[in-house]
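>>> I need the structure of the sequence given here:
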Amino acid sequence: MNVVCLQPHLKGELIELHPIRREDRDDLFAVASDPLIWEQHPEGDRYKEDVFKIFFEGALESGGAFVVVDTKTQQIIGSTRFHGYDPEKSEIEIGWTFLARKYWGGRYNAEMKQLMLAHAFKFVENVVFFVGENNIRSQKATEKIGAVKSGTAKKVYENRPASLNVRYVIRKPLTKTDS
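Alright, predicted model coming up:
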């Protein structure tokens with residue numbers, strides 16, 4: 001039986017993903033405290049310390065959360081996580097992603113998702129993303145990495161009522177040995 005590691009250390013040219021640790025809290029909150037990061041998110045007040053605390057504790061408990069570190073500065077610039085691994089569906093979710101605004105719009109998110117997808121496709125056939133129905137910025141970013149819309153779903157964020165999300169999927173690419 002394969003053991004699935006949901007918190008490997010992943011390293012690219014621009015970023016590294018490290019398993020989240022309790023001592024990362026203050027540096028991560030310094031990034032998350034920017035209200036503009038959350039303006040389109042279903043949990044739009046996550047920049048507040050009491051709301052962020054619930055998010056952070058959930059990240060620690062999830063067993064799949066990371067901090068995103070800029071390889072040049074060694075500064076924490078955001079967070080992301082694997083969630084909802086379902087071996088029977090051969091599926092896992094990537095989500096809860098946020099980056100400091102100066103890292104938006106390009107190579108950093110793309111590299112982060114490439115690292116995570118490459119790892120996920122070692123043990124699943126499908127990676128899913130749920131993006132708030134009004135979070136157009138994140139929907140565009142998700143589409144930019146090759147995800148395809150696959151319906152909608154109600155999702156609960158921490159202690160909030162369920163909200164409508166757009167569901168996206170990226171399927172594992174076929175390799176020469178698959179065909």
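>>> Spell out the residue ranges of the helices in the protein.
25-32, 49-62, 107-120, 136-144 (DSSP state H).
>>> quick one: buried residues of the last one?
Residues of helix 136-144 classed as buried under the neighbour-count rule (16 or more other C-beta atoms under 10 Å) are 137-139, 141-142. In short, each C-beta sits where N, CA and C put it, glycine included.
>>> Can you pull out the low-pLDDT segments for the protein?
In the predicted model, the chain carries pLDDT under 70 at residues 1-3, 157-159, 175-179.
>>> need the strands for it, in chain order.
10-11, 15-19, 65-70, 76-86, 91-99, 126-132, 148-155, 163-171 (DSSP state E).
>>> Can you say which of those is nearest to residue 32?
Closest approach to residue 32 among these (C-beta to C-beta): strand 91-99, 6.5 Å.
>>> Who are the contact partners of residue 61?
The contact partners of residue 61, by C-beta atoms under 8 Å, 6 or more residues apart in numbering, come to none.
>>> one step back: reformat the buried residues of helix 136-144 as JSON lines; add distance to residue 171.
Output for the buried residues of helix 136-144, formatted as JSON lines (distance: C-beta to C-beta, whole Å):
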{"residue": "137", "distance to residue 171": "24"}
{"residue": "138", "distance to residue 171": "20"}
{"residue": "139", "distance to residue 171": "19"}
{"residue": "141", "distance to residue 171": "19"}
{"residue": "142", "distance to residue 171": "14"}
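>>> right, and out of those residues, which lies closest to residue 117?
Using C-beta to C-beta, these come closest to residue 117 at residue 142, 11.9 Å.
>>> Am I right that the closest one is in contact with residue 168?
Yes: here residue 142 reaches residue 168: they are 5.0 Å apart, a contact under C-beta atoms under 8 Å.
>>> got any residues that touch both of the two?
With C-beta under 8 Å, 6+ apart as the test, residue 142 and residue 168 both reach 129, 131.
>>> if we can go back for a sec, give me whichever of the helices of the chain is most buried.
When you average the neighbours per residue for each of the helices of the chain (mean count of other C-beta atoms under 10 Å), helix 107-120 leads with a mean of 19.
>>> what's the offset of it from the middle of its chain?
Centroid separation for helix 107-120 versus its chain: 10 Å, with C-alpha atoms, centre = their mean, to the nearest Å.
>>> just stretch 11-22 next, same as before
Distance, centroid of stretch 11-22 to centroid of chain: 12 Å (C-alpha atoms, centre = their mean).
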